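Participant: With the sequence up front, the predicted model follows.
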Amino acid sequence: MKKRILLVFMLVILSVFVFANGAKEEPAASTETVQSSFQVTEWEIPFLNCLTGPIASIGEYLEWGAERAAWEINQAGGINGVPVKVTGIDTAMSPETGTVEMAKLAKNALVVMGPVPEPVILAAVPIAVRAGLYSFTATTSYEYAAKFFPWAISWFSPTEEKLPPVVTAWAKKNPDMKNVVQFVENYGAWPGMAKAHEIGLEKAGVTVLNQVDVPSDAVTFGPLVVKALSQNPDGIVFAANAEKVAKLILELQSRGWEDNSKLLVFSSADDGALYTTGGDNLNGVMIYNYVDPDLDTQRWKEFRAAFKADHDGMEPFSLSPNYYDAVYMIKRAIEETGITGDPAMLKEERIKIRDYCNNIQNFEGLMFNWSNKDGVPQDKPLFLFKIENGKKVLVEKVVPSNK
Amino acid sequence: MEIFIAQIINGISLGSIYVLLVTGFNLLLLVAMIIHFSFPIVVVLSMYVSWIVLGLTGNNIFLGVIAGIVSAILINIITAPMFQHIMKKRGDVDINSTMVLSMGIGMIITDFLSHSVNSGFPIAFPDNLTGRNLGAFFQIGMISISRGDMISLSMGIVFVLGLFWILYKTRAGRAFRAIAEDPAGAKLVGIPILKTGLQSYAMTGVLGGVSAVSIAILLGSASPGLGDQLGHKVLAVSIIAGLGNLKGGLIIGILLGILEALVQGYWSGTWSNSIAFVVMLLAILIKPKGIFGIKL
Amino acid sequence: MSLPLYYFLAITAVYILMTWALYLPYRVAHLHFIVVANMAISGYFGGYAAINWNWPFLLILAVGLILGAVVAFIVSIAIGDAPTFAVVIVGFTFIYITKTVIENWEALGSTMGMFGIPMVNHVLLVAYLFVLVTGFFIYRFDNSRLGRAASAIFVNRELATSFGVNTKHLGMFLQTWAGAIGGATGVLYAFIMNSLFPDFFTFHIIGITMTMLFLGGYTTMWGPLLAAPVLWGLPLLLPQEVASWKMIIYGVLLIVILLVRPEGAITRQVAARVRSIVLRR
Amino acid sequence: MNRQNETILKVDDVYLSYGHVEALKGVSLEVKRGEIVVLVGANGAGKTSIMESILGVYQSRKGTVTFKDKNVTNLSADKIVRKGIYLVPEGRGVFASMTVIDNLLLGAHHNLKNAKAKLTYVYDLFPILSERRNQIAGTLSGGERQMLAIARALMSNPEMIMVDEPSIGLAPKIVSDIFKILKELNKEGYSILLSEQNVYKALKLSHRGYVLETGKVVLTGTSEELLINPEIRKAYLGA
Amino acid sequence: MLKIQDVSKHFGGLKALNKVGFTIEEGRVHGIIGPNGSGKTTLFNCITGLLPLTGGQIFLDGNEITGFKPSVIANMGIRRTFQSGKLVPSLTVIENVMSGIYDFQKTDIRDTFFRLPFKKSKKEAELREKSLSILKMVDMDKAADRWASDLVWAERQFVQIARAAVSNPKILLLDEPASGMGPVETEQVGYLIGKLKLRGITPVVVSHDMKMLMNVAEWVTVLNFGAKICEGTPETVQNDPKVLEAYLGDE
């Protein structure tokens, strides 16, 4: 009796394996290129996002940007007259959840936004790549998108080529600055960005001192600041998370640092935590980013006002416009390439979107127009700001030249 | 030399946070036989409560501090009986289970904070609490002690000393220690177990609340992950010093702070955790019962 | 089989194996978190060997397993018979060291993570064969004199020695075995995800596997086996609004089970009852 | 002392079980004011159980306990201690990690008002404790610990002291000292309920005795009667 | 068979055992008595290697075993029971008894791990049979498949004895086997000790229950204050004035 039960059990398991082997690659939709008469009732754009866990707040801002774009598009009549809907899917910080959710989308989704946090990008995008699904993943760093070219798009230009000019511009604003030290937190692409900063500094003829590593679970910052100050720097660059940057600046000031304009904060630290933690002590600190909050266009003003209304008067988070733009980019791709949403033509239509977006020309972004080349934005400007009373005041706009 | 002195002072400032937390941890262990792995997370929760009340009352420091302390007491009184339920048999296995229970509580609090308060962003305490606007108390070059540091340090010292006084010099403290050593025996000398137990939870709660306020002043801000960052080290400090050894916790806590400051200052920040843990690992392999001996 | 199911099953296998890796040393009351470090070491080794040396998957799996076993064995010489707290601290230490080394090692992708670990066929098959073999060995272990001796150590070390059990040898054996499972699971994980990120191998996985172990029950291997798919699968099925409170739900469940049924949902008694019901029919 | 015949403690038909083991099966006894009463019996006969159930340590007991004409059956241990009964537990039961003076003050936990006076009183009685007042109790010798335990009992101002097996593991000389002290205390007016395996010594000290066997009283009488009763020897040596 | 020679064990200043020496002869039921705190359990812990000796030597069959690891001593044929009757609650009665036979070095890896799913282990079956027979001896064979956590106190003691006896040790140290038992069960324990002797196991019994002990023991050693004060047959011991003094006090 026992034997028979075990035998059944083994059979079940064996059959699982047999299926498992057959099913690794999803059979793609048929490749016939007949003109379809299929009519979609709703464009559904899934958004793998991080809505819970330690960076849930950021995820909410991203989602807000995408929802805003969808709302605007629907107000204006939708995509080809069909409404669009952004469906948020929570992966938290968990790569495992990310893989399963991405695998669910691999079969039917036309295009996917996200995933957002780096661990999930690493785990889930390979699935999209294998399934031939284009993902609007790499909103932050070029490095991740480059690994998955042509199936992922970057919102940033190549770090080592495009980032240095803005740092050089900052250095040139302070001609008496000779020695600069950099605080670097070892996380994700940040060490790479720190390297780009160094290139920019060297170009400006500034000596780069030994960098100070910021532990990702640092609680107090005195030792790090003393280590930096002991090298007698006259300028400091920060490549660490927002809260830590704010605390480092406070600590520097308590040890006699006076000239805030010689402090430069990198773009990834430009989020709410920087301002809530730093408060008025940040006045005069320089920061660079891809978004100019005081841009004088109707579209941006409305976006900004709506964001503030929904977030207790907080300034838009710098990444929110990215997913706003992503939805519009998808809209344009669908309209321009005549995508039908027909499940039978899924494979080519996915490729159509991919090829269109990777080399989109003159895209009307929320803040400025740009063109893509091989999935990478060209001529995207960087802005250097001075922080004043929790607001960024534009100091200089830097447009990295094309090679 | 200036740098070295500055780093030592930095280390003491970090160490004082460990000391506050480790004292609370050890106290829970002493008066209730609880291994509260997540005690630092509970302290962070109290910091959040304090922050919320500060926001609601227009930065009324008095109410903020009171809220922090009261919330810590409440959390303790609610959670301690759960631990004691598990510790009924007082076996080694039960102590392991209290660690797991504590981890569960930590999971809930951390996730709740990152979900719900201030959209998960770090919270910053107002300047009139942290004393940041008061400027430095003492500063020569890189050696700097802010007024806020001084306030929180002296508050911490006063409370830890007060705690020692309560524990070793008062009637209630005697009763707490008696219950901790031998609950059955304590019953025989006429100590009302339930009432005294509640008092002892309340006392550890007060310490938790004071720690919350002190850390708020020292750090000026808090984030949902703060408790986790501190938790492992606090556990390690307590184990290295000898579980439940209050004086040992004081010394090892400060030493760990100094060690970390020196590693960060003279070598590498990214390695500071690993180095600290390796040193502690060596200590525990040489002296499995802790350097100062287990006191339960 | 559909792709989501494929990933669900593959990751279920990883969780089952990791929870078993935690389960084995806990048979002698050791919470041995070093298995997470083993997972990272062998996983990164596997990824590196596959990308740079083109080693075949099965060879990497074998080497990863041995690597895990060797690391755990060397450590176990010092802590085979140590008190639980010491074991916990040693585990934390190794996790911190491993993470720091990976984050500073450019060849392993440092903080960017490791990309492009090749896709190989039959990973799921191999993973479940490994689950089956491991499960079989654990089953044999639990129902052997070694397993009974471990149960005795769990209750009281002196008691166990009075039967002639060398508590240190048994502790070393279980820690090494758990290390081997951790190492092999790391390799499997690397080849399932095709990428590695240093943050994964930290307290995130400890929290989940501990919940699985204690909710499922730590007195029998069936506890982790059932808890892993349920705890990992249910949030995927639940509506978004509920699933986003996953960690809080885990925490509450953990507390409730510790208060109400400290040995976990599936105890040996339950397992025996189920077996007798099944066999009677 | 002139109320010699007043019953201070009355235990009526008490049952007690620990889980599966029945420790007491209907025990009745009484202690009169100013008396030393001894409980005699082999280990496991239920001597400690009687004392613990008088004090209400276990809520699972059945029967009634009356102290000074008040029913105290349903009171918790700490309340009964306040009424004036104090147990000096077997194996001394001092708090080993605390100092001598802390241990003494714990005895006066619920009544610290006259602690100073009481301290002088017990230091007079046990000069050795005065010398060692700041020493950790764990470092005391067995005899000193026993003295500390008795002194701690006196700190609580009891009317009746129950002493459980005071002579365990003590050298005969020290046992004699302890017994002398008990005798003195009795003369000062304390009623004493004693459980003791050193039967002859205990019976010589006491006024009356109860012989217990497996949770029941099998024999009772004045000490003189019991001393010559051969049953006693049987209860201990099984012969 | 077991020779204890001048064994001392001091805890700090406390002399728990002071130069105790006696011999346990094969096949003779040996009783050890003494008032509370006289060092009986400490002596057991010293013999089984749980506590290192302060002084003295212990010989088993003429070979010195002083300082051996407890597990080694147990495997050399000295087993013991515990006062508190520690069973493993998550195992069944028979599994508890089976756990009494263990030797890591001699564990058959092939039999344990590399046995086909449907192949019954001969060794396990043997072990089970052995355990059943010993359970029958303590009259607990009907409870073989019950969970140890469900047993009552006396049953636990019996299972504990069976567990210690299943490996057929040379010497079985019984620590208070009758504690907390009623008269009927105590009588059973006495009867059981006789049966152990018949199996070729030499029982050494520590008990407060004089009635039982004097009935079963053939030789009695009396300890007081960590020292041996007398030994001999039960009759001599019972009439020895020193024993009377130790138990009843000086007259």
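Facilitator: Received the coordinates, thanks.
Participant: where's the nearest residue to B:L198 once chain neighbours are set aside, which helix or strand?
Facilitator: Here the nearest residue to B:L198 in space, its sequence neighbours aside, is B:I77; by C-beta to C-beta, 6 or more residues apart in numbering or on different chains that works out to 6.4 Å. In this view, the C-beta of every residue, glycine as well, is placed from N, C-alpha and C. B:I77 belongs to helix B:61-86 when elements are defined using DSSP states H and E.
Participant: any idea of the mean pLDDT for that helix?
Facilitator: The predicted model gives helix B:61-86 an average pLDDT of 88.
Participant: Can you list the residue ranges for helices in the stretch 51-200 of chain E?
Facilitator: When secondary structure is read from DSSP state H, counting those that start in this stretch, the stretch 51-200 of chain E shows helices at E:70-75, E:93-98, E:109-113, E:122-137, E:153-165, E:183-198.
Participant: Next secondary structure after the helix holding B:I77?
Facilitator: Scanning forward in sequence from helix B:61-86 by DSSP H and E, the next helix or strand is helix B:92-116.
Participant: Buried residues, the longest helix along chain B. List them.
Facilitator: Using DSSP state H to assign secondary structure, the helix with the most residues in chain B is helix B:2-32. Applying a neighbour-count criterion of 16 or more other C-beta atoms under 10 Å in any protein chain shown, the buried positions in helix B:2-32 are B:3, B:6-32.
Participant: near chain C, which residues of the stretch 1-150 of chain E show up?
Facilitator: Within the stretch 1-150 of chain E, the residues that sit near chain C (C-beta under 8 Å from any C-beta of the partner chain) are E:48-50, E:69-72, E:74-75, E:79-80, E:82, E:86, E:88-92, E:95-96, E:98-104, E:107, E:112-113, E:115, E:117, E:124, E:127, E:147.
Participant: The stretch 51-200 of chain A: strands as residue ranges?
Facilitator: Along the stretch 51-200 of chain A, the stretches classed as strands by DSSP state E, counting those that start in this stretch are A:84-90, A:112-113, A:135-138, A:152-154, A:179-185.
Participant: which one of these has the lowest average pLDDT?
Facilitator: strand A:135-138 has the lowest average pLDDT among the strands of the stretch 51-200 of chain A, namely a mean of 78.
Participant: what does the model give residue 40 for pLDDT?
Facilitator: Went with chain A since none was named. Looking at A:V40, its pLDDT reads 81.
Participant: that's the wrong chain, I wanted chain D
Facilitator: Model confidence at D:V40 (pLDDT) stands at 84.
Participant: what sits against it?
Facilitator: Residues near D:V40 by C-beta atoms under 8 Å, 6 or more residues apart in numbering or on different chains: D:195-196, D:199, D:202-203, D:209-212, D:226, D:232, D:235.
Participant: Around chain D, pick out the residues from chain E.
Facilitator: Within chain E, the residues that sit near chain D (C-beta under 8 Å from any C-beta) are E:13-14, E:35-38, E:152-154, E:179-180, E:182-183, E:208-215, E:225, E:238, E:243-244, E:247-251.
Participant: ok, of the helices of the stretch 51-200 of chain E, where does mean pLDDT dip lowest?
Facilitator: It's helix E:109-113: among these, that one has the lowest mean pLDDT, namely a mean of 76.
Participant: Mind listing residues that contact it?
Facilitator: Counting by C-beta under 8 Å, 6+ apart, the neighbours of helix E:109-113 from elsewhere in the structure are C:137, C:140-141, C:144-146, E:121-124.
Participant: Now with 7 Å, please.
Facilitator: Under the contact criterion C-beta atoms under 7 Å, 6 or more residues apart in numbering or on different chains, helix E:109-113 has outside partners C:137, C:140, C:144, C:146, E:121, E:123.
Participant: just the buried members of the residues of the stretch 1-150 of chain E next to chain C?
Facilitator: For the residues of the stretch 1-150 of chain E next to chain C, buried by 16+ other C-beta under 10 Å: E:48-50, E:70-71, E:74-75, E:79-80, E:82, E:86, E:88-92, E:95-96, E:98-104, E:107, E:112, E:115, E:124, E:127, E:147.
Participant: got the contact list for B:S114?
Facilitator: B:S114 sits next to A:53-54, A:56, B:120, B:224 when contact means C-beta under 7 Å, 6+ apart.
Participant: Now do the same for it: its pLDDT.
Facilitator: pLDDT for B:S114: 81.
Participant: With A:L263 instead?
Facilitator: pLDDT for A:L263: 93.
Participant: Hmm, A:I287 and it touching each other?
Facilitator: No. In this structure, A:L263 sits apart from A:I287 without contact. The criterion is C-beta atoms under 7 Å, and the distance is 8.8 Å.
Participant: Quick check: closest non-adjacent residue to the most centrally placed residue in chain E.
Facilitator: With distances taken as C-alpha atoms, centre = their mean, chain E has E:L173 as the residue nearest its mean C-alpha position (2.1 Å). The shortest distance from E:L173 to any residue other than its chain neighbours is 4.0 Å, reached at E:R80 (C-beta to C-beta, 6+ apart).
Participant: Let me see the contact set for the residue nearest to the centre of chain E.
Facilitator: Residues near E:L173 by C-beta under 7 Å, 6+ apart: E:44, E:47-48, E:78, E:80, E:204.
Participant: Now the two most distant members of these.
Facilitator: When C-beta to C-beta is used, the two most widely separated members of the contacts of E:L173 are E:T48 and E:V204, lying 11.1 Å apart.
Participant: where in the chain is pLDDT low?
Facilitator: Looking at chain A here, since you left the chain open. Across chain A, the ranges flagged by pLDDT under 70 are A:1-10, A:12-37, A:54, A:138-140, A:401-403.
Participant: you looked at the wrong chain, it should be chain D
Facilitator: By pLDDT under 70, the weakly predicted segments of chain D are D:1-4, D:19-20, D:59-60, D:91-92, D:169, D:234-239.
Participant: who in the stretch 101-250 of chain C is up against chain B?
Facilitator: Taking C-beta under 7 Å from any C-beta of the partner chain as the measure of proximity, the stretch 101-250 of chain C contacts chain B at C:103-104, C:154, C:203, C:207, C:210, C:214, C:247-248, C:250.
Participant: Would you reformat those as CSV and include neighbour count?
Facilitator: Output for these, formatted as CSV (neighbours: other C-beta atoms under 10 Å in any protein chain shown):
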residue, neighbour count
C:E103, 21
C:N104, 18
C:F154, 22
C:F203, 18
C:G207, 20
C:M210, 24
C:F214, 29
C:M247, 23
C:I248, 18
C:Y250, 22
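Participant: Skipping adjacent residues, who's closest to the residue of the stretch 101-250 of chain B found nearest chain D in space?
Facilitator: Shortest the stretch 101-250 of chain B-to-chain D distance, computed as C-beta to the nearest C-beta: residue-wise this is B:G190, at 3.1 Å. Spatial nearest neighbour of B:G190, chain neighbours left out: D:V81 (3.1 Å); criterion: C-beta to C-beta, 6+ apart.
Participant: Could you report the neighbour count for that neighbour?
Facilitator: With neighbours defined by other C-beta atoms under 10 Å in any protein chain shown, the count for D:V81 comes to 26.
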